[in-house]
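Trainee: Next come a sequence and a model predicted from it.
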Amino acid sequence: MENKLIPPDPFVEKYTPKGKNGLALDIGTGNGNSAFFLAREGFKVDAIDINKNAIESLKERSKEFKLELNAAVQDVRQFSFDKKYDVILAIQSLVFMKKSEFETIISKIKESLNSGGVAMISSFTTSDASYLQFAQKREPVEENTFYSEGSKQYWNFLEKDELKNYFPNEEFKILAYEEFLKEDNPHEGTPYPHQHGIARIAVELIK
């Protein structure tokens, strides 16, 4: 069965600068739909993910679609951030880390944007069903951060307006910000319907 290019998240498509060739970074690229979209838009794309299988699949699909990507197995916490980017994506890829690590990555994203560059970030909030479960059963290891023995990873949750407050108005133009609940169907590890609380932002560096 022939692979087909799947459109990216509409949020990414809407706020990606049009007609602007440059460098883009997709953190936690997953299936690579956003990375392929950025490549089609003319960006040179660095795509990273901690999942080796995801990166191997991305490399194979990039050959089939004849799109050049610099794809690498990489934990963002060890990523060098040694380039300046015109677009940086972190869509639901900074959830599984401690609050302090999340804040460090947000700072590095801000420092790695070119003037006029756009960052798009989304993560879970304290309205998420998982937060409510963690808070009832576990002590946080850091503010709104819990460790799951089952998944062997941290879960970090954002307070209301917290994501927006990382981007001061004197440096960034907020293109979009929203918090919402999203229904999720049963899947492996969570065999019941549940709601995710999500905050997402698109910002442009104006300084």
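Mentor: Sure, I can see it. Numbering: from 1, shown residues only.
Trainee: show me the contacts for Phe134.
Mentor: Counting by CB atoms under 8 Å, 6 or more residues apart in numbering, Phe134 touches 140, 146, 148, 155. Just so you know, the C-beta spots here come from the backbone N, C-alpha and C atoms, and that holds for glycine as well.
Trainee: The last one and Phe81, how far apart?
Mentor: Pointing back at Trp155 there. Taking CB to CB, to the nearest Å as the measure, Trp155 falls 24 Å from Phe81.
Trainee: so where's the protein shaky on pLDDT?
Mentor: The chain contains residues with pLDDT under 70 at 1-3, 185-194.
Trainee: Trp155 and Phe81: which is more packed in?
Mentor: Neighbour count, other CB atoms under 10 Å: between Trp155 and Phe81, Trp155 has more, with 23 against 15.
Trainee: tell me the SS of that one?
Mentor: strand (DSSP: H, G, I helix; E, B strand; the rest coil).
Trainee: Would you check that it makes contact with Thr126?
Mentor: No. Trp155 is beyond contact range of Thr126, at 11.2 Å (criterion: CB atoms under 8 Å).
Trainee: Am I right that Asn70 is in contact with Val45?
Mentor: Yes. Counting by CB under 8 Å, Val45 is a contact partner of Asn70 at 6.6 Å.
Trainee: Neighbour count for those two, which is higher?
Mentor: Val45 (27 against 13).
Trainee: Give me the distance between that one and Gln136.
Mentor: 41 Å.
Trainee: Same check on Lys63?
Mentor: 48 Å.
Trainee: the more surrounded of the two?
Mentor: Neighbours around Lys63 and Gln136, counted as other CB under 10 Å, are more numerous at Lys63. The numbers are 10 against 7.
Trainee: which SS state does the more buried one fall under?
Mentor: Lys63 - assigned by three-state DSSP - is helix.
Trainee: Roughly how far does it sit from Tyr154?
Mentor: Counting by CB to CB - Lys63 and Tyr154 are separated by 35 Å.
Trainee: hey, where'd the strands end up in this structure?
Mentor: With DSSP state E as the criterion, the chain has strands at 23-27, 44-49, 69-73, 85-91, 113-124, 145-148, 153-156, 172-184, 194-205.
Trainee: Which among the contacts of Phe134 count as buried?
Mentor: Taking 16 or more other CB atoms under 10 Å as the criterion, what is buried in the contacts of Phe134 is 140, 146, 155.
Trainee: what about dumping the CA coordinates of stretch 40-47 to PDB?
Mentor: Output of stretch 40-47 as PDB, limited to C-alpha atoms (Å, rounded to 0.1, in the frame of the first residue of the first chain):
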ATOM      1  CA  ARG A  40       7.100  21.100   1.300                       C
ATOM      2  CA  GLU A  41       6.800  24.700   2.400                       C
ATOM      3  CA  GLY A  42      10.600  25.100   1.600                       C
ATOM      4  CA  PHE A  43      12.100  24.900   5.000                       C
ATOM      5  CA  LYS A  44      15.200  22.900   5.800                       C
ATOM      6  CA  VAL A  45      14.000  20.700   8.600                       C
ATOM      7  CA  ASP A  46      15.700  19.100  11.600                       C
ATOM      8  CA  ALA A  47      13.300  16.500  13.000                       C
END
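Trainee: Thanks a lot, see you next time.
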